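*Asks:* Sharing a sequence plus its predicted fold:
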Amino acid sequence: MTTIDQLSSVIAPILTGIITEYSGHRNACFIFVIWNLLSWIIERYILSQVYSKVPALHSRQRECKENGNDKKEIIKKDKNLSNINTFCDLFQAYFRQNVFPAAFGLALLYMTVLGFDGLAISHGKAQGVPEDVLGIFRSIGSALGIVGAFSYTMVEQKVGPRKTGLLGLILQQSFLWLCVLSIFLSGSPFNPIGYAKEWTFDKWLEKFLSSIYISPALEAGANENSTTHAATAIIISEPSFVTFWNSFTLTGPMASIFVFFCGITFARLGLWMADLSITQLMQEAIPEEERNTIFGVQNGLSQFFSGIFFV
């Protein structure tokens, strides 16, 4: 499943970048909406086929098998318990697992901007990287994710999931050092000393408010100059991949952002090796009766940490 997911991630960014780059944002929105509707129809059909062909899915309740002395403590859903008690019970079950440190470490990996999310893509756009180049970076990262999935299978058979996960984390952190190196290269906007000298609370507050609020005066001015902006948008276009590559030099203004995205891209190899290793350790170590609950908490923590860095 991981390989199929990563294979889709290889093709999707390239197509997205090409469609957005050459058909415009408006047409791209229509294409993406239609594609999502068609995908939903196909997904609905496949799920209905799986449901009809697996009789076990027709039953809501399944008996839980337990063996005398080996009986594990199970979280009981008591209607009289408050939501707070239920919440505490869930995390108590999560914390008492032997694999908790590895699982929690995996969740913490989601609390980063060093990934192909909105912040990194916006940073690349702000530095002048064209959309098709960003799509190529994302596709290469997904391809390395596939390589990581296959590498995990081969390495795990020889050294086990624990050492494979450690190797994956070492590879990931090694490549992410390229992102640290990028802030010292040509074209980097990193200037903490200058920022500290010029920083004032009034400037920060004004910039913060301007990012979340558009004043009526600015909105009116935008409407008056819409024709000029439209003409400018037609005349000025982003560089294509060929133009970007031909103008690229290691000492040029694009060196920093190029190395930055190279670090994020190559780190996907180790990331997926570590992800699969920790997931397998969780499946082997967590009792079957608690597996659904623990993985639910794990998914919730991952989603929480993936959004908290925006704050």
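*Replies:* Ah, there it is. Everything numeric here is computed off the predicted structure, so don't read it as measured data. Residues are numbered from 1 along each chain as shown.

*Asks:* For Asp117, see how far away Asn36 is.
*Replies:* Separation of Asn36 from Asp117 (Cβ to Cβ, to the nearest Å): 19 Å. For every residue, glycine as well, the C-beta is placed using N, CA and C.

*Asks:* ignore the last one, Leu109
*Replies:* 13 Å.

*Asks:* the more surrounded of the two?
*Replies:* Shown here are Leu109 and Asp117; by other Cβ atoms under 10 Å, Leu109 has more neighbours (18 against 14).

*Asks:* so where's the protein shaky on pLDDT?
*Replies:* Within the chain, the segments meeting pLDDT under 70 span 1-3, 6, 59-84, 195, 208, 210-252, 310-311.

*Asks:* run the last query once more with 50
*Replies:* Across the chain, the ranges flagged by pLDDT under 50 are 64, 66-72, 74-81, 214-239.

*Asks:* Tell me where the longest helix sits in it.
*Replies:* helix 2-53 (DSSP state H).

*Asks:* and that one, what other elements does it pack with?
*Replies:* Secondary-structure packing of helix 2-53 (3 or more Cβ pairs under 8 Å, 6 or more residues apart in numbering; DSSP states H and E): helix 131-159, helix 255-285.

*Asks:* how distant is the helix or strand containing Gly194 from the center of its chain?
*Replies:* Here Gly194 sits within helix 192-198, counting by DSSP states H and E. Chain-centre distance of helix 192-198: 31 Å, with Cα atoms, centre = their mean, to the nearest Å.

*Asks:* ditto for stretch 290-304
*Replies:* Using Cα atoms, centre = their mean, the offset of stretch 290-304 from its chain centre is 17 Å.

*Asks:* which residues are in contact with that stretch?
*Replies:* 72, 74-75, 90-91, 93-94, 97, 103-104, 106-107, 110, 282-283, 286 (Cβ atoms under 8 Å, 6 or more residues apart in numbering).

*Asks:* possible to save the helices and strands packed on helix 2-53 as a markdown table with mean neighbour count and distance to Ile46?
*Replies:* Shown next, in a markdown table, are the helices and strands packed on helix 2-53 (neighbours: other Cβ atoms under 10 Å; distance: least, Cβ to Cβ, whole Å):
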| stretch | mean neighbour count | distance to Ile46 |
| --- | --- | --- |
| helix 131-159 | 19 | 22 |
| helix 255-285 | 21 | 23 |
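
*Asks:* Quick one, which of those gets closest to Leu166.
*Replies:* Closest to Leu166 of those is helix 255-285 (Cβ to Cβ; 8.1 Å).

*Asks:* List the buried residues in the helix or strand following that closest one.
*Replies:* Per DSSP H and E, the first helix or strand lying C-terminal to helix 255-285 is helix 288-308. By neighbour count with 16 or more other Cβ atoms under 10 Å, helix 288-308 contains the buried residues Glu290, Thr293, Ile294, Phe295, Val297, Gln298, Leu301, Ser302, Phe305, Ser306.

*Asks:* wait, which of the residues you listed is closest to Phe32?
*Replies:* Closest to Phe32, out of all of those and judged by Cβ to Cβ, is Ser306, at 22.0 Å.

*Asks:* quick one: the closest one and Val113 touch, right?
*Replies:* No - between Ser306 and Val113 no contact is recorded; they are 10.7 Å apart, counting by Cβ atoms under 8 Å.
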